[in-house]
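Visitor: Sharing a sequence plus its predicted fold:
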Protein chains: 2
Amino acid sequence: MSLKGDLDRILRRVRGAGFTLRYWDGDTIAYGDGAPEFGLRLPDEATVAWMLGDALVRLPEAYVAGDLGVDGDLQHLLHLCYRVDDRVLAIGPWRKAALALAAFRRRNSLAGAPANVSHHYDIGNEFFATWLDDDMNYSCAYFEHASDDLPTAQRQKLRHICGKLRLQPGDRLLDIGCGWGALARHAATHHGVGVVGITLSEPQRALGQTRVREHGLADRVELRRQDYRELGAETFDRVVSVGMIEHVGERYLPAYMASVARGLRPGGIAVLHTMGKTRKAPVTPWITKHIFPGMYLPTLAELSTHMTNAGLRISDVENLRPHYALTIEAWIDRFEKHADAIARMFDERFVRMWRMYLHAARAAFVFGALNVWQLTCSHGSSDEIPLTRRHLYEAGRG
Amino acid sequence: MSLKGDLDRILRRVRGAGFTLRYWDGDTIAYGDGAPEFGLRLPDEATVAWMLGDALVRLPEAYVAGDLGVDGDLQHLLHLCYRVDDRVLAIGPWRKAALALAAFRRRNSLAGAPANVSHHYDIGNEFFATWLDDDMNYSCAYFEHASDDLPTAQRQKLRHICGKLRLQPGDRLLDIGCGWGALARHAATHHGVGVVGITLSEPQRALGQTRVREHGLADRVELRRQDYRELGAETFDRVVSVGMIEHVGERYLPAYMASVARGLRPGGIAVLHTMGKTRKAPVTPWITKHIFPGMYLPTLAELSTHMTNAGLRISDVENLRPHYALTIEAWIDRFEKHADAIARMFDERFVRMWRMYLHAARAAFVFGALNVWQLTCSHGSSDEIPLTRRHLYEAGRG
C-alpha cells in the first residue's frame, strides 16, 4: 500500500467540516463534508512519511518550518486533528519512553527549573508587551460577558481572585509565580495589602519591580527572583498562585503544595489557579519540546489529593475553561495585528511557532479536555471563609 | 499498671476545655484546662475495659445502653474525642479486617441495597416529620445567613440547587435518591419541569407521592421505588442527586456515575451533592453498624475521578461544610424538643442512639474532616453552563 493510499483511506473517514489536501504529486482531493473550510499543502513524500512517524511533534514542526502549508484558519486544522482516527496521532511505546526520558531530563528541580522558565519567559518583555494587555497578565482572564475586551476581562480576573482571597487591609500576601506583577500591584492598590511576589524570570522581576516603583507601591510590594522551595520561614495571611502550577511538574506537586501550606498561617486563605487536564495525560509533546519544557497539567483529582495531603482544605472550585478560550482568541487577534513587528523582532519561523502554540492552546480548551481550575482553600479549617460566595457577585467590590 | 492508672495518664495529657470523670471506685477527677464543661460517669471496670477494646464502636454503644453517663452537652464529649491521643481511639489490624468483612456483607449490591436503605429510612415517616422541616428535607440546608431558620435554609437549598441546574420550563429532571420528594415538588412548581424521582424506601415514595397529589403535581412528578442501576434507557435534560452518593458505597461509585451519565443527554447538566471525607477513610464503625449500613463518604479526588471516567465534566464545586453543622444544630434543637414524644414512639435507648448520631455528625463537620461537596457537571462539554456563577446570586430567581 502506498503512503498516499493509506492517508487517503484514513482521511475519507473524517466527518464534519470539509477541507482540501494537495499531495506531493500535485493531486488535490476534497475530504470531509460540505464546502472546504481550509486547504493543506503537503511537502514531498519522504517528509510526509517522517512527519507521520511522530505526528504530534512533527506536524507542528513541519508547519513551523514552512514545509506543511495551511491556507485558512489554523483552528480548522486543529479541529480536524481532534476528529481523525486516534491511531494516526497515536504515540508508540518506544516514543513514549523517549518522551518520559526527555521529561525527566527537563524536570523542574531546583537546579533545572530556572532554564525551563527562562526558555519561555525570558525571550523579551517587549515581545510579550506587544500582544498582552497593558498590565501584562499572562493567564486566563475572567469574562463577565463574552463580549468584554481583554483589558476589562483581565481586570475582572484580578478582582475575582482578590475577592476569593478575602483580602483585609494590612494583610501580607504571597504571590507564587508573580509574572510581571499585575496581581501584586492590583492587590496592594485596591486592598491595602503588603505583597511578596516571586518568579524565576529575571526580566519579569525587573520590569515588574520598575512598574511597582512607577505606581508608588515600592513600600508595599516586593518582587523577588526566588524558587518556591526557597521561601524560608516567613508566613503570610494569604497565598495566591496564578498560572504557576503548570510549571511545577508532576513529581514536584507535593513539594509545591507543601510550600503553599508552609507559607500560609493556620486559617489563612489561598487561591490556586491552574490549567489542568480532564484525565491524567502528558502534555502534547510538541509543546513540552518547543514551548514549555517541564510543563505538566494535573487533573482535579491530583490537585485535590496533593492539597489535602499538605493540609490545605478546599472550599470552592471554579472551572474557567471557556474563559481561557476567549482569552486566547483575544491574544491571537493582538498577535496577528503585530505579526510583522514580531517577525522583525525574531523571524517568520518564530511567528509560525507562536501562532501554532496559541491556536493549539485555544483548540484544547474548545475541542479538547483542558480546563482552568481556580481553587480556593484554607490552611486547615478557617472561619475566614464566608458562608456563601455571594460577596463575589455584589456591586462595589474593590 | 492498672486500667485506672492508664486512663488517668492519657487524660492528663488532654489540653483545652475541662471535664470531670467519675471512676468506678467513686473517685471523681478533673481533667483538661479551666472549669469543667461536662461530666462523665464510667460504669464498672470490666465494662470500661470492654469499651476501650474497640472504643469507636463501644463508647457510643455504652452511651446508648445507658452504661456511660454524660452530664452536659454531648458536643463537649465529642470534641474531647477529637483531642485525645489517637492511640486511645485507634483500630487494630484484626478489627480493621473484621470491619472490612462486615462492610462487604452489607455492601449496596442490587440485592443488598434495599435492606440498607430500609434500616434507616423506613423506621417511620411520623418520626422524621417530628424533627425535619415540613417539606422533610433530610440533607444539608443552605444558610444565606447563619441566623436563618431551618425551613428558610432548606427552601434556599432547593433554590440554590435548581439555580445550578439551570432548569428550563419543559425540561425533564431525574432525581436520584428523591427522599420524600421536596426537591421534585419545588422544581416542578417553580421551574415547570417534569420530574422522575427514585428512592428505595417505599414509605418515602408513598408519602412523597401523596404530597405530589396534594400539590396538584401528579401530571408532572412521578416518584418510583427503583434502584439507580435499573433506570432503563430514558434520558433526561437534567439529573440531580442530593444526599444519595453516601449510600452508594466505594465499590459502586463507578456504576453510580455511569448511571448519572447514561441518564443525562449530551450537554445536559447534573448537580451531585454528597458528604465526603477530606482524606480517604472508612466511616466511623459505630455509624455503619447502627445508623447507616453500607455508608461510604468519598473524597473529592474519588468523586472527580469517577465522574471524569463516566464522561461527566466538572464545572463547579462548592464545599458546604459549615452549612451542615448549622443544619444539624437545628435538627438537634427540634429533636430535643420532641424527645419525650420520640421516646414514646420507640424507647429511651432509641432517643440516645439518635442523639449520639446527630451529635457525632455535627462534631465531624465542626471538629473533624467531613465536607459537603456540591458538584455541578455536564455530560461531555456543554454550552448550557453560563460563563459565571453570578446568576445564582441575583434577586428574583425562582
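Guide: Cool, the structure landed.

Visitor: OK, now which residue of the stretch 51-200 of chain A is nearest to chain B?
Guide: Nearest residue of the stretch 51-200 of chain A to chain B, counting by Cβ to the nearest Cβ: residue A:143, 5.7 Å away. Bear in mind the C-beta positions are built from the backbone N, C-alpha and C, glycine included.

Visitor: and the gap between that residue and residue B:59?
Guide: 54 Å (Cβ to Cβ, to the nearest Å).

Visitor: Residue ranges of each domain in chain A, please.
Guide: Following automatic domain parsing, chain A resolves into domains at A:3-90, A:113-393.

Visitor: gap between the first one and the chain center?
Guide: In this case it means domain A:3-90. Taking Cα atoms, centre = their mean, to the nearest Å, one finds the center of domain A:3-90 at 26 Å from the center of the full chain.

Visitor: Please list all residues in contact with residue A:308.
Guide: With contact set as Cβ atoms under 8 Å, 6 or more residues apart in numbering or on different chains, residue A:308 has these partners: A:314, B:278, B:279, B:299, B:300, B:301.

Visitor: Hmm, the fourth one is touching residue B:277, no?
Guide: Yes - with contact taken as Cβ atoms under 8 Å, residue B:299 and residue B:277 are classed as touching, separated by 5.8 Å.

Visitor: and the nearest residue to the residue of the stretch 51-200 of chain A closest to chain B once chain neighbours are set aside, how far is that from residue A:236?
Guide: Nearest non-adjacent residue to residue A:143, counting by Cβ to Cβ, 6 or more residues apart in numbering or on different chains: residue A:153, 4.8 Å away. The gap separating residue A:153 from residue A:236 is 27 Å, by Cβ to Cβ.

Visitor: just residue A:177 next, same as before
Guide: Counting by Cβ to Cβ, the separation of residue A:177 from residue A:236 is 15 Å.

Visitor: which one of these two has more residues nearby?
Guide: residue A:177 (25 against 22; other Cβ atoms under 10 Å in any protein chain shown).

Visitor: Give the burial count for the closest residue to the more buried one other than its chain neighbours, as a bare number.
Guide: Leaving out its chain neighbours, the residue that sits closest to residue A:177 by Cβ to Cβ, 6+ apart is residue A:244, at 2.7 Å. Neighbour count for residue A:244, taken as other Cβ under 10 Å: 23.

Visitor: Residue A:244 against residue A:175, yeah?
Guide: No - using Cβ under 8 Å, residue A:244 makes no contact with residue A:175, being 9.0 Å away.

Visitor: I'd like to know which elements the helix of greatest length in chain A is packed against.
Guide: As assigned by DSSP state H, the longest helix anywhere in chain A is helix A:348-366. Helix A:348-366 is packed against helix A:55-65, helix A:74-83, helix A:321-337, helix A:339-345, strand A:370-379, with contacts defined by 3 or more Cβ pairs under 8 Å, 6 or more residues apart in numbering or on different chains; DSSP states H and E.

Visitor: Show me what counts as buried in the lowest-mean-pLDDT helix or strand in chain A.
Guide: Least confident helix or strand of chain A, by mean pLDDT, DSSP states H and E, is helix A:93-105 with a mean of 79. For helix A:93-105, burial by neighbour count (16 or more other Cβ atoms under 10 Å in any protein chain shown) applies to A:99, A:103.

Visitor: ok, and for the very next helix or strand once past that helix, which residues are buried?
Guide: Next helix or strand after helix A:93-105 toward the C-terminus (DSSP states H and E): helix A:113-121. For helix A:113-121, burial by neighbour count (16+ other Cβ under 10 Å) applies to A:113, A:114, A:116, A:117, A:120, A:121.

Visitor: For the residue of the stretch 201-350 of chain A found nearest chain B, give me the backbone phi and psi.
Guide: As assessed by Cβ to the nearest Cβ, chain B sits closest to residue A:317 within the stretch 201-350 of chain A, at 3.7 Å. Main-chain torsions, residue A:317, degrees, to the nearest 10: phi -130, psi 130.

Visitor: Which stretch among the domains of chain A is buried most, on average?
Guide: domain A:113-393 (a mean of 20; mean count of other Cβ atoms under 10 Å in any protein chain shown).

Visitor: Helices of the stretch 101-250 of chain A, start to end?
Guide: Under the criterion DSSP state H, counting those that start in this stretch, the stretch 101-250 of chain A carries helices at the ranges A:113-121, A:125-131, A:150-165, A:182-191, A:202-214.

Visitor: could I get those as CSV with mean pLDDT and distance to residue B:84?
Guide: Output for the helices of the stretch 101-250 of chain A, formatted as CSV (pLDDT from 0 to 100; distance: least, Cβ to Cβ, whole Å):
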stretch, mean pLDDT, distance to residue B:84
helix A:113-121, 91, 43
helix A:125-131, 96, 56
helix A:150-165, 98, 35
helix A:182-191, 98, 41
helix A:202-214, 97, 49
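
Visitor: Dump the ones you listed into a markdown table; add distance to residue B:339 as well.
Guide: Listed next are those as a markdown table, based on distance: least, Cβ to Cβ, whole Å:
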| stretch | distance to residue B:339 |
| --- | --- |
| helix A:113-121 | 62 |
| helix A:125-131 | 68 |
| helix A:150-165 | 42 |
| helix A:182-191 | 49 |
| helix A:202-214 | 63 |
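
Visitor: what about those, which gets the closest to residue B:248?
Guide: helix A:150-165 (31.1 Å; Cβ to Cβ).

Visitor: Name the strands paired with the top strand by length along chain A and say parallel or antiparallel.
Guide: Assignment by DSSP state E gives strand A:264-277 as the longest strand of chain A. Applying DSSP bridges to the sheet, strand A:264-277 is found paired with strand A:236-242 (parallel), strand A:370-379 (antiparallel).

Visitor: chain center to that strand: distance?
Guide: Counting by Cα atoms, centre = their mean, strand A:264-277 comes out at 17 Å from the chain centroid.

Visitor: would you put the C-alpha positions of that strand in CSV?
Guide: Output of strand A:264-277 as CSV, limited to C-alpha atoms (Å, rounded to 0.1, in the frame of the first residue of the first chain):
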residue,chain,number,x,y,z
LEU,A,264,0.2,30.2,54.9
ARG,A,265,-0.7,30.8,58.5
PRO,A,266,-3.3,28.5,60.0
GLY,A,267,-6.8,29.6,58.9
GLY,A,268,-5.3,31.7,56.1
ILE,A,269,-6.8,31.5,52.6
ALA,A,270,-5.1,30.6,49.3
VAL,A,271,-6.3,30.8,45.7
LEU,A,272,-4.6,28.4,43.3
HIS,A,273,-5.3,28.9,39.6
THR,A,274,-4.0,26.4,37.0
MET,A,275,-4.7,24.7,33.7
GLY,A,276,-5.5,21.0,34.2
LYS,A,277,-6.3,18.0,32.0
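
Visitor: Following element in sequence after it, please.
Guide: Following strand A:264-277 in sequence, per DSSP H and E, is helix A:285-286.

Visitor: how close does the closest residue in space to residue A:235 that isn't next to it in sequence get to residue A:234?
Guide: Closest residue to residue A:235 apart from its sequence neighbours, by Cβ to Cβ, 6+ apart: residue A:265 at 4.6 Å. According to Cβ to Cβ, residue A:265 stands 10 Å off from residue A:234.
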